[in-house]
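Q: Quick one, fold the following:
(chains A and B)
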Amino acid sequence: MLEINASGMYYRDLNQKIRDAVDKGEKDITVKNVNGQYYMGDGLRGKSTITIEGVPGNDLAAFMDGPTLIIKANAQDNISNTMNTGKVVIHGNAGDVLGYGMRGGKLHIFGDVGYRVGIHMKGVKKQAPTIIVGGTAGDFFGEYMAGGVLILLGLNDDGRPIVGDYLGTGMHGGVIYVRGEVEKENCGAEVGILDLDDEDMKVLKDSLAEYCKDMGLSLDEIMKKGFKKLIPVSLRPYGNLYAY
Amino acid sequence: MNHDYQKDISGCGLTGLISRKRRRISGADIVKSLCLMTDRGNGLGAGYAAYGIYPGFKDFYAFHIMFDEPSVRWTLEEYLKNNYHIEKIEEIPTSPVKAIPIAPLLVRYFVKPLKDKMVGEIQEEDFVVNTVMKVNSEIEGAYIFSSGKNMGAFKGVGNPSDIAEFFRIEEYEGWTWTAHTRFPTNTPGWWGGAHPFTLLDWSIVHNGEISSYGINKRYLEMFGYKLTLLTDTEVAAYMLDLLIRRQGLDIPSACLALAAPFWKKIDALPDGEREALTALRQTYGSALLNGPFSILFGHSKGLVGINDRIKLRPLVAALKDDVTYMASEESAIRAICPAPDKVWAPRAGDPVIVNLED
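A: The predicted model follows:
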């Protein structure tokens, strides 16, 4: 177990330290006093677990391939961009544009997220990237989604709608599960709102069991409320957009 | 993978704070907050604005003026003397900074318009605005970059820490501060183009790109504003002056004009509200700021943070006791306020409006 004190450390120096430790085979790293250092965990491979205390900077876990990052605070924007495998667990809120073009792995967030979460998430071959959000999400959730699984729970009942406008706009693959009701007028034209079948329930429960373990939540409690499933149901809904 | 691959991936960064109780806070805080986001800029512009810094001269307009050529100063001063009572003239205190080998001459003037020069209906503030427009467009090489009372902007080409050291920001104390690190995209990185942009006591810092600049500029020109600083953000400062001071809109309505909701949302509103917003959007179609932005604007009575309507630029807010913080990144707030009472991300187009207590 290695402990790094990141207080006042420039991001390049910090990331070099982490990379060197991972290269040496260190499996358990705790980084203390993090505040705003960019690019943490980017392009990192292997099976290390890195616990981050404090708010990490933007572009966390981009292109990450294997490690587990545990963030004990809020996190900022652009997390898990094109991430391939591994896992990011955030015990607070997170910002905008999470999981952009994500290819695989898991992103678990305890609280709220911002705009454009899961944008162009895709998956590759048999990999299905999964993002689970415990709180609410802003507009453009699952925009241009091409693959993978987005789960939105809305557990914090703070009066805000669970999800914003333009839900799944441009979606052409993958699946979104929302705990509660979804308004058709907030969805992209190609999005269908369906009930879950047995196969969906299995995917959902398997994913949520791991999420609950990470966050210390009860799966039974979460499953007391019904879910809706969102998938793309029409081809080329904008085919005539510029034709008239 | 080649981890040594170097590329500057940046956007501008902004930060601001306000003590609602008008507690004067040292500039050291805002410098520390901005410096955490140094990498969002590229050294081609940084700046600070502060309110409450000139209590000894609070009834005078504080003109901060930059001169490309020292000789221009005399032309400018002759003009000022003919139109203003000048209480005090001094060079803005600066410290030598290695990274800033060349700087314009920077002088500040505490002034009041001469009564007999204000003819007809003209108000004191209109007179000052006219002076700023005239100087910036007609006196070659002189730019008034700050013209409010008991406030001032300090800006130039450099990194946040260099500009702070140069202008000795830590020696000022103010109850509202805004700051900006710049990554110029479409327009030159020059001293006048650094943020904040100010007019009277309006000050703007902005991350993003105002795609509607042309429409906004032409609209402002109809009301006598002259856009001379070669940067899109300038329109936002003048637009606030037009909408709020000259046309009497309150701050929430002005925000609705700048970042109007989409027609889809307006059409879904109940009767009275729908008509009011329709009228506002139709009247101020040319004031709408299109494109990605997050903006902080300071004024004599408070601080406002606002995003574009689809949240294309970041903005985080936090509260601690009597202070509200807003910044591009949460970590920039935590750099000076490690344990806020509340942290939140304002929704798109939804302004955070903070007013000073009387």
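Q: Leaving out sequence neighbours, find the closest residue to the residue of chain B found nearest chain A.
A: Nearest residue of chain B to chain A, counting by Cβ to the nearest Cβ: B:Ser331, 2.9 Å away. Any C-beta I mention is one placed from the backbone N, CA and C, and that applies to glycine too. Nearest residue to B:Ser331 in three dimensions, chain neighbours excluded: A:Gly36, at 2.9 Å (Cβ to Cβ, 6 or more residues apart in numbering or on different chains).
Q: Now that neighbour. Its backbone dihedrals?
A: Phi and psi for A:Gly36, reported as degrees, to the nearest 10, are phi 80, psi 0.
Q: and it, how many neighbours does it have?
A: Neighbours of A:Gly36 under the rule other Cβ atoms under 10 Å in any protein chain shown: 22.
Q: If I look at it, what pLDDT would I see?
A: For A:Gly36, the model assigns a pLDDT of 97.
Q: Over to the one 10 residues further on?
A: Among the per-residue scores, A:Gly46 shows a pLDDT of 95.
Q: neighbours around the closest residue to B:Ala339 other than its chain neighbours, how many?
A: Of all residues not flanking B:Ala339 in the chain, B:Lys320 sits nearest, at 7.5 Å (Cβ to Cβ, 6+ apart). Residues within reach of B:Lys320, counting by other Cβ under 10 Å, total 17.
Q: So B:Lys320 sits against B:Val343, correct?
A: No. Counting by Cβ atoms under 8 Å, B:Lys320 does not reach B:Val343; the two are 9.7 Å apart.
Q: From the chain's centroid, how far away is the host helix or strand of A:Val88?
A: In this assignment (DSSP states H and E), A:Val88 forms part of strand A:85-90. The chain centre lies 8 Å from the centre of strand A:85-90; the measure is Cα atoms, centre = their mean, to the nearest Å.
Q: ok, back up a step: my reading is that the residue of chain B closest to chain A lies in a helix. Confirm?
A: Yes. Using DSSP: H, G, I helix; E, B strand; the rest coil, the secondary structure at B:Ser331 is a helix.
Q: ok, it - contacts?
A: Residues near B:Ser331 by Cβ atoms under 8 Å, 6 or more residues apart in numbering or on different chains: A:35-36, A:55-57, A:76, B:36.
Q: Mind listing residues that contact the strand holding A:Val88?
A: Strand A:85-90 has contacts (Cβ under 8 Å, 6+ apart) with A:41, A:60-61, A:64-71, A:74-75, A:79-80, A:104-111, A:127, A:214-215.
Q: So A:Ile132 belongs to a helix, correct?
A: No. Counting by three-state DSSP, A:Ile132 is located in no helix; its state is strand.
Q: List the contacts of it.
A: A:106-109, A:151, A:153, A:207-208, A:211.
Q: May I see the buried residues of stretch B:207-215?
A: Across stretch B:207-215, burial judged by 16 or more other Cβ atoms under 10 Å in any protein chain shown covers B:207-213, B:215.
Q: That one near chain A at all?
A: No. Judged by Cβ under 8 Å from any Cβ of the partner chain, stretch B:207-215 stays clear of chain A, getting no closer than 12.3 Å.
Q: returning to what we had before: would you mind measuring from the residue nearest to B:Ala339 to A:Asp158?
A: Going from B:Lys320 to A:Asp158 by Cβ to Cβ, to the nearest Å gives 20 Å.
Q: Over to A:Arg19?
A: According to Cβ to Cβ, A:Arg19 stands 39 Å off from A:Asp158.
Q: which residue sits closest to B:Asp29, ignoring its sequence neighbours?
A: Nearest non-adjacent residue to B:Asp29, counting by Cβ to Cβ, 6+ apart: B:Ile336, 4.7 Å away.
Q: Is the one you found in contact with B:Leu34, as I believe?
A: No. Contact criterion Cβ under 8 Å: B:Ile336 and B:Leu34 do not qualify, at 9.8 Å.
Q: The two - which one has more neighbours?
A: Counted by other Cβ under 10 Å, B:Ile336 and B:Leu34 do not tie: B:Leu34 has more neighbours, with 35 against 21.
Q: And the pLDDT at residue 182?
A: Went with chain A since none was named. In this model, A:Val182 carries a pLDDT of 94.
Q: sorry, should have said chain B
A: Here the pLDDT value assigned to B:Arg182 is 90.
Q: B:Asp4 too?
A: We have a pLDDT of 52 for B:Asp4.
Q: Which ones among the contacts of B:Ser331 map onto strands?
A: If you go by DSSP state E, these have A:35, A:55 in strands.
Q: Of the contacts of B:Ser331, which pair is most distant in space?
A: Largest separation among these by Cβ to Cβ: A:Pro56 and B:Leu36, giving 12.6 Å.
Q: how about the closest residue to B:Arg73 other than its chain neighbours, what does it touch?
A: With sequence-adjacent residues excluded and distances taken as Cβ to Cβ, 6+ apart, B:Arg73 is closest to B:Phe67, at 5.2 Å. Going by Cβ under 8 Å, 6+ apart, B:Phe67 touches B:73, B:76, B:104-107, B:141-142.
Q: swap in B:Ala164?
A: Applying Cβ under 8 Å, 6+ apart, the residues near B:Ala164 are B:27, B:31, B:34-35, B:46, B:48, B:170.
Q: just so I have it, where are all the helices in chain B?
A: Assigned by DSSP state H, the helices in chain B fall at B:27-35, B:72-83, B:124-138, B:160-166, B:213-222, B:234-240, B:251-258, B:263-267, B:271-283, B:330-334.
Q: Let me know how buried B:Leu319 is, in neighbour terms.
A: A count of nearby residues for B:Leu319, using other Cβ under 10 Å, gives 16.
Q: Among the contacts of A:Ile132, which lie within strands?
A: Short answer: these in strands (DSSP E) are A:106-109, A:151.
Q: Please convert these to CSV, extending it with distance to B:Val128.
A: CSV is the format used below for the ones in strands among the contacts of A:Ile132 (distance: Cβ to Cβ, whole Å):
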residue, distance to B:Val128
A:Lys106, 58
A:Leu107, 53
A:His108, 55
A:Ile109, 50
A:Ile151, 57
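Q: now, which of those sits nearest chain B?
A: Relative to chain B, the closest of the ones in strands among the contacts of A:Ile132 is A:Ile109; by Cβ to the nearest Cβ it sits at 13.0 Å.
Q: In chain A, where's the longest helix?
A: Max-length helix for chain A by DSSP H is helix A:198-215.
Q: list the helices and strands it packs on?
A: Applying 3 or more Cβ pairs under 8 Å, 6 or more residues apart in numbering or on different chains; DSSP states H and E, one finds that helix A:198-215 makes contact with strand A:106-109, strand A:130-133, strand A:146-152, strand A:173-179, helix A:219-223, strand A:227-232.
Q: orientation of that helix relative to strand A:173-179 in degrees?
A: Taking axes from the mean of the first three to the mean of the last three Cα atoms, to 10 degrees, one finds helix A:198-215 and strand A:173-179 inclined to each other by 70 degrees.
Q: still on that earlier bit, quick one: which of A:Arg19 and A:Asp158 has more around it?
A: Neighbours were counted for A:Arg19 and for A:Asp158 using other Cβ under 10 Å; A:Arg19 has more, 16 against 8.
Q: Distance check, the more buried one against A:Leu69.
A: Taken as Cβ to Cβ, the span from A:Arg19 to A:Leu69 is 14 Å.
Q: B:Val343 too?
A: 20 Å.
Q: do the same with A:Thr30
A: Taken as Cβ to Cβ, the span from A:Thr30 to A:Leu69 is 12 Å.
Q: Common neighbours of those two, please.
A: By Cβ under 8 Å, 6+ apart, the residues touching both A:Thr30 and A:Leu69 are A:Ile50.
Q: Between the two, which is the more surrounded one?
A: Using other Cβ under 10 Å as the criterion, A:Thr30 and A:Leu69 rank with A:Leu69 on top: 27 against 16.
Q: how about the residues of chain A that lie near chain B?
A: Checking chain A against chain B by Cβ under 8 Å from any Cβ, the hits are A:11, A:19, A:35-36, A:38, A:43, A:54-58, A:63, A:74, A:76-77, A:93, A:95-96, A:112, A:114-116, A:138-140, A:164.
Q: Cheers, nothing more for now.
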